[in-house]
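Visitor: no sequence for this one, just the structure:
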């Protein structure tokens, strides 16, 4: 009896479990054929087939005929009724490309390691290729990609994507990035500073959601901040708002790439972080420092903690000027958690005006390494002409609807 | 890392090799540490593959000393290399098209129990290894013939992780791959390094080499013509060493 009861209970939960297995597999791999789904989930072909039908009826996935190994196959992918947008983050050592749908759900993502001082032509070429190939991987075509948002670790002019402060990225000055990318992909392109994109994403979907005024600090190869005022990212006239990496912290310090002396970046940028570890630890990469700090290496923890304090004292001044409700901390260094954020919080709290109703919250960002591409996707969605209800830009099967609407 | 100051994982000193009248390698010194990616670059015929084949036991040096963890060794065959913890991905991948992913990973090293193959365990390990590499292969039972070039490269790299090697040799892993596939393979290489392995990477693509390497060793006509720290050397310096515009003395000095 008991056995029978348990069996009937587990059968529906089994079915539920199988459904989520299928959905997870499609999410992880983008587009999969039914045969591949059988392999990926370990379910029987019949089960996969019936689950796919169910999901299709529910509007969660759609199918398309494709070719695998020379044979016709049913490609199953997440339903994206209204198109995709691409988010591209060009970092100092990594290029991250993600495709998102209109619900900001990432359907395909890929990271490409980049060389130090990577070249503008190669990197933009590869970014464009990755967008095209990721669309294929997600089971879509480039036609379904509506717009591209690009993030750069430098202040940029939004209309052209040109870097507004020369010297920050060697070889990238004067490049009309919007023009270059839209020429390669024939789509609308928007370019924005990476910390501003992170701020946008964190304030909409991450740690700072629910706060009207917030700061996002991106501690990576360089330091940047994004300022959100009344729910809007504040860029400043030339996009340099929040460039705290170029606040002077050491009047006797080294000359920065921007031409000034003793900028925060010359004290806590990747080069400055790695240099003191060279004698004791040998040549390290930034992610080694993060990993070793997390593993408890005292030298690396010291370096990261000192960086946290130095960044904190600059963020404190910014916080006095802006009076945000929270500071979300992201970027690679934030993966060390409290090792970085603890000393940063102390430095901020010590300096920020005390007469506030609530103490300023300093917390880790929630979206992790994805924050910036999610921001880029959100920004791209703002410029994309989404064929909502088949309004204008849908050339495909909704012509009848569209003309009907136009007439009315 | 902390092991850095210690004995290198692999050390080759004064390695020479002749093929008849051709001097393929002449007095080459080469070192790889744990948790380090060392790129071997150079023109065609510079001796990169010859050196790599010595590490993987396919060729033996005519003269010179090979040390693993400070112990002098003779890597007399690929199976000896495997026992020493050296795994190689050859340029042609050397995969069996008719077998599935699991069978390819364990080819020649199948797990057995009382003479029976332990299929379940092998599949489990295969999934773990592919997961470690963040690989995008949906099923471990897919025959290799059904996989894309990038996925096959993933399988070839995953195969190196069977048997917990310490040193992985990759010969032109990104040649003839698409952008996404290149990105996947480069990410795999970063993972191998983060797992604490030593990696020898042979490639012609300067961008890929500089993206993932810690050190770049330039070979020219069978001789070392420069050793560069990847994060400090520019494209131009490395290209100059490859083409011979800078000679060995200057190249070594810039290694610092």
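Guide: Here it is on my side, so go on. Since we're looking at a predicted model, the values are computed, not measured.

Visitor: which residue ranges of chain B form strands?
Guide: Assigned by DSSP state E, chain B shows strands spanning B:10-19, B:22-32, B:36-42, B:63-68, B:71-72, B:86-89, B:112-113, B:116-117, B:167-171, B:198-202, B:215-220, B:223-229.

Visitor: for the residue nearest in space to the middle of chain B, give its distance to chain A.
Guide: Taking Cα atoms, centre = their mean as the criterion, residue B:169 is the residue nearest the geometric centre of chain B, at 1.6 Å. Distance of residue B:169 to chain A, computed by Cβ to the nearest Cβ, to the nearest Å: 19 Å. From N, CA and C alone the C-beta is placed, and that goes for glycine too.

Visitor: quickly list what residue A:223 is bridged to.
Guide: Residue A:223 has the following beta-bridge partners by DSSP bridges: residue A:219.

Visitor: residues in contact with the nearest residue to residue B:81 once chain neighbours are set aside?
Guide: Spatial nearest neighbour of residue B:81, chain neighbours left out: residue B:57 (3.6 Å); criterion: Cβ to Cβ, 6 or more residues apart in numbering or on different chains. Shown in contact with residue B:57 (Cβ atoms under 8 Å, 6 or more residues apart in numbering or on different chains): B:75-81, B:86.

Visitor: count the neighbours of residue A:235 for me.
Guide: Other residues lying near residue A:235 total 19 when counted by other Cβ atoms under 10 Å in any protein chain shown.

Visitor: how many residues are close by whichever residue of chain B sits closest to chain A?
Guide: Taking Cβ to the nearest Cβ, chain A has its nearest neighbour within chain B at residue B:139, 2.3 Å off. When neighbours are defined as other Cβ under 10 Å, residue B:139 has 22 of them.

Visitor: return the per-residue confidence for it.
Guide: Residue B:139 is assigned 81 on the pLDDT scale.

Visitor: hmm, it is touching residue A:33, no?
Guide: No. Using Cβ atoms under 8 Å, residue B:139 makes no contact with residue A:33, being 10.9 Å away.

Visitor: and the contacts of residue B:57, which two are the farthest apart?
Guide: By the measure Cβ to Cβ, B:76 and B:86 form the most distant pair in these, at 12.3 Å.

Visitor: what about the two, which has more around it?
Guide: Each of residue B:76 and residue B:86 has its neighbours counted (other Cβ under 10 Å); residue B:86 has more, 25 against 10.

Visitor: contacting residues for the more buried one?
Guide: If you count contacts by Cβ under 8 Å, 6+ apart, residue B:86 has them with B:10, B:55-57, B:75, B:165-169.

Visitor: tell me which parts of the stretch 101-250 of chain A are close to chain B?
Guide: A:110-119, A:122, A:126, A:129-130, A:133-134, A:137 (Cβ under 8 Å from any Cβ of the partner chain).

Visitor: show only the entries of those found in helices.
Guide: Using DSSP state H, the members of those that fall within helices are A:122, A:126, A:129-130, A:133-134, A:137.

Visitor: closest one of these to residue A:275?
Guide: Lowest distance from residue A:275 to these (Cβ to Cβ) belongs to residue A:122, with 27.5 Å.

Visitor: what separates the closest one from residue B:235, distance-wise?
Guide: Distance, residue A:122 to residue B:235, by Cβ to Cβ, to the nearest Å: 10 Å.

Visitor: what's the answer for residue A:375, then?
Guide: Distance of residue A:375 to residue B:235, computed by Cβ to Cβ: 31 Å.

Visitor: out of these two, which sits in the more crowded spot?
Guide: residue A:375 (34 against 16).

Visitor: return the distance of residue A:204 relative to chain B.
Guide: In terms of Cβ to the nearest Cβ, residue A:204 sits 27 Å off from chain B.

Visitor: that residue: how many residues sit nearby?
Guide: The burial count for residue A:204: 17, using other Cβ under 10 Å.

Visitor: equivalent analysis for residue A:223, please.
Guide: Neighbourhood size, residue A:223 [other Cβ under 10 Å]: 27.

Visitor: likewise for residue A:74?
Guide: 16.

Visitor: cool, and the one 10 residues further on?
Guide: A count of neighbours around residue A:84, defined by other Cβ under 10 Å, yields 28.

Visitor: ditto for residue A:70
Guide: Residues contacting residue A:70 under the criterion other Cβ under 10 Å number 6.

Visitor: strands of chain A, start to end?
Guide: Using DSSP E, strands in chain A cover A:32-33, A:61-68, A:71-78, A:84-90, A:94-101, A:106-113, A:145-152, A:189-193, A:214-219, A:223-229, A:232-234, A:326-330, A:361-364.

Visitor: can you tell me which of those is most buried?
Guide: Highest mean neighbour count of these: strand A:214-219, a mean of 30 (counted as mean count of other Cβ atoms under 10 Å in any protein chain shown).

Visitor: just give me the longest helix of the chain.
Guide: You didn't say which chain, so I picked chain A. Ranked by residue count, the top helix of chain A under DSSP H comes out as helix A:2-29.

Visitor: try chain B instead
Guide: Secondary structure of chain B per DSSP H: the longest helix is helix B:179-194.
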